[in-house]
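J.: Kindly return the folded structure for what I paste below:
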Amino acid sequence: MGINDMMSLITNAGFPIAVCAYLLFRLEKQLSSLSSSIQKLNTIISTKLGVVIDTTSDSTT
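T.: Numbering: from 1, shown residues only. Below you'll find the model as predicted:
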C-alpha cells in the first residue's frame, strides 16, 4: 500500500469517523441527562407511593 493509497483511505474515512465521534459525544450527553431525569422521576414516584425502589442496580453490566 503506497502513500497515495494511505492518504486516500484517510481522506475517505476521516470525515465519516469525525461525524460519528461528534454524534456519539452529543448522544452521550443526552443519555446522561435522560438518566438523571429518570432517577429524579423514580425518587418522586417512590416518595408519592411510599415504597422503596432499588436504584443501586445497574442493568448495563
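J.: Give the residue spans of the chain that score low on pLDDT.
T.: Where the chain drops to pLDDT under 70, the residues are 1, 6, 54-61.
J.: Mind jotting down where the helices sit in it?
T.: Using DSSP state H, the helices found in the chain span residues 3-49.
J.: How much space separates the residue nearest the centre of it from residue 51?
T.: Of all residues in the chain, the one closest to the mean position by CA atoms, centre = their mean is residue 28, 2.8 Å from it. Distance of residue 28 to residue 51, given as CB to CB, to the nearest Å: 31 Å. No exception for glycine: its C-beta is placed from N, CA and C like everyone else's.
J.: gap between residue 29 and residue 20?
T.: 15 Å.
J.: let me fix that: residue 43
T.: 35 Å.
J.: now do residue 40
T.: For residue 40 relative to residue 20 (CB to CB), the value is 31 Å.
J.: From the centre of this structure, point out the most distant residue.
T.: Outermost residue of the chain (CA atoms, centre = their mean): residue 2, 37.2 Å.
J.: gap between that residue and residue 9?
T.: 11 Å.
J.: No further questions, thank you.
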